[in-house]
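Engineer: Sequence unavailable; structure follows:
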């Protein structure tokens, strides 16, 4: 049967999450602020929960509404939850099952998470008792079901947390480097850049290799949870009798091991080693290359007009990076990219403040797209620069 679902993500990458949903479920999704809603068959939602690379949480949505304050939140929650019927509730609750309520707040509220969690729990418990004549217990440590209350400014979403954990965490991310972008953002910018299995992509500042690893996983249909199949949906009363080994095996049978035209470069050997070790933990170490290389040697390492995409997080002027030094790096970046990028190739760059980069753009490039992306509280700028066709430059 089809049910309502909600994928929680970061502001600015909702279209990427919506695209993931369509690819995996065939369903059209509605992008909202920091989340995406969709209706799909339950198995398709569970598959998405297992495979998604851009989500924090995936909820089986029970209610959603806007609210003014704590009292209004609880009143509207009671109305929304009051619309739930027995057919929906019996999937998540039984007389022997337990649950708890977790609250995540984004934005400013005059109340805390702990003050509303008990009230939502009472509302859920009362509705289950009325519809199913059951009284599920409360277990704050290891419940069968986690009811997730997501508050984003004045919008509230109540649902069953299908994973029971933060899906943005990566088991492979053991070896780190300062300035490494988080996995959700790394995946999202690769998708926004248009990377696919037939594209030649390089990351010029690999750090711990997250951008390349996420691209390799997606291109080969490998779940980021391939080595961690611990999902709370396996314990839910209406689902716990399922053959979960067969469920995961069917999805995993679609994974590939195709070597990709991806190279992760970095000027520091320790970062190259971190990339290789993380890639091995992710199971993609044979699928792309990692190499030590300074930016000013790229024209030696890369063929002329041989690269489709550069996808990188770059340094910006800050207390750690002097403006003069950064400007010099940008000048060399465009000089090298003019050589190795194909006509129509893209230079896709993420940074906290790209004003100086815009000033450094040469006539060989034009801005194709600009976006703002949030990684938690961190705000980024993402710019896609397109290599001007060489014939057009010659005409000028």
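Structural biologist: Nice, I can see it. The model shown is predicted, which means the values in this text are computed figures rather than measured ones. Numbering: from 1, shown residues only.

Engineer: When you work out contacts or count neighbours from here on, use the C-alpha atoms and nothing else.
Structural biologist: Noted.

Engineer: how many other residues sit next to residue 113?
Structural biologist: 16 (other CA atoms under 10 Å).

Engineer: Contact partners for the nearest residue to it once chain neighbours are set aside?
Structural biologist: Closest residue in space to residue 113, ignoring its immediate chain neighbours: residue 103 at 5.4 Å, by CA to CA, 6 or more residues apart in numbering. Contacts for residue 103 (CA atoms under 8 Å, 6 or more residues apart in numbering) come out as 113, 114, 116, 117, 148, 149, 150, 151.

Engineer: go with 7 Å
Structural biologist: 113, 117, 148, 149, 150 (CA atoms under 7 Å, 6 or more residues apart in numbering).

Engineer: Between those residues, which sits nearest residue 241?
Structural biologist: residue 148 (23.2 Å; CA to CA).

Engineer: returning to that earlier point: can you tell me which of the contacts of residue 103 is closest to residue 244?
Structural biologist: For the contacts of residue 103, the nearest to residue 244 is residue 148 (23.2 Å; CA to CA).

Engineer: mind checking which helix or strand that closest one is in?
Structural biologist: strand 145-152 (DSSP states H and E).

Engineer: quick one: the spatially most central residue of the chain and residue 8, what's the gap?
Structural biologist: Nearest residue to the geometric centre of the chain (CA atoms, centre = their mean): residue 54, 1.8 Å. Distance of residue 54 to residue 8, computed by CA to CA, to the nearest Å: 9 Å.

Engineer: Going along the chain, name the helices of the stretch 51-200 of the chain.
Structural biologist: In the stretch 51-200 of the chain, the helices defined using DSSP state H, counting those that start in this stretch lie at 70-81, 86-89, 113-132, 183-193.

Engineer: how about those helices in TSV, adding mean pLDDT?
Structural biologist: Listed next are the helices of the stretch 51-200 of the chain as TSV, based on pLDDT from 0 to 100:
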stretch	mean pLDDT
helix 70-81	98
helix 86-89	92
helix 113-132	96
helix 183-193	98
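
Engineer: deepest of those helices, which one?
Structural biologist: Here the criterion is mean neighbour count by mean count of other CA atoms under 10 Å, and of those the winner is helix 183-193, at a mean of 22.

Engineer: after that helix, next one along is what?
Structural biologist: strand 201-203.

Engineer: So what's the gap between the following helix or strand past that following strand and the chain middle?
Structural biologist: On the C-terminal side of strand 201-203, the nearest following helix or strand under DSSP H and E is helix 210-219. The chain centroid and the centroid of helix 210-219 are separated by 12 Å under CA atoms, centre = their mean, to the nearest Å.

Engineer: Helix or strand next in line after helix 210-219, which one?
Structural biologist: According to DSSP H and E, the helix or strand after helix 210-219 is helix 244-252.

Engineer: and that next one, which residues are buried?
Structural biologist: residue 251 (16 or more other CA atoms under 10 Å).

Engineer: For residue 100, give its distance to residue 224.
Structural biologist: Applying CA to CA, the value for residue 100 to residue 224 is 27 Å.

Engineer: These two - which one has more neighbours?
Structural biologist: Legend: neighbour count by other CA under 10 Å for residue 100 and residue 224, higher for residue 224 (24 against 21).

Engineer: what sits against that one?
Structural biologist: Applying CA under 7 Å, 6+ apart, the residues near residue 224 are 51, 53.

Engineer: and it, what are its phi and psi?
Structural biologist: With angles defined as degrees, to the nearest 10, residue 224 sits at phi -70, psi -10.

Engineer: again, but for residue 14
Structural biologist: phi -60, psi -40.

Engineer: neighbours around it, how many?
Structural biologist: So residue 14, with other CA under 10 Å, has 25 neighbours.

Engineer: returning to that earlier point: which residue, other than its chain neighbours, is closest to the residue nearest to the centre of the chain?
Structural biologist: residue 184 is the one closest to residue 54 (CA to CA, 6+ apart), at 4.7 Å.

Engineer: how close does that neighbour sit to residue 158?
Structural biologist: From residue 184 to residue 158 the distance is 23 Å (CA to CA).

Engineer: before we move on, back to that, dump the helices of the stretch 51-200 of the chain into TSV; add distance to residue 251 as well.
Structural biologist: Shown next, in TSV, are those (distance: least, CA to CA, whole Å):
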stretch	distance to residue 251
helix 70-81	33
helix 86-89	25
helix 113-132	33
helix 183-193	20
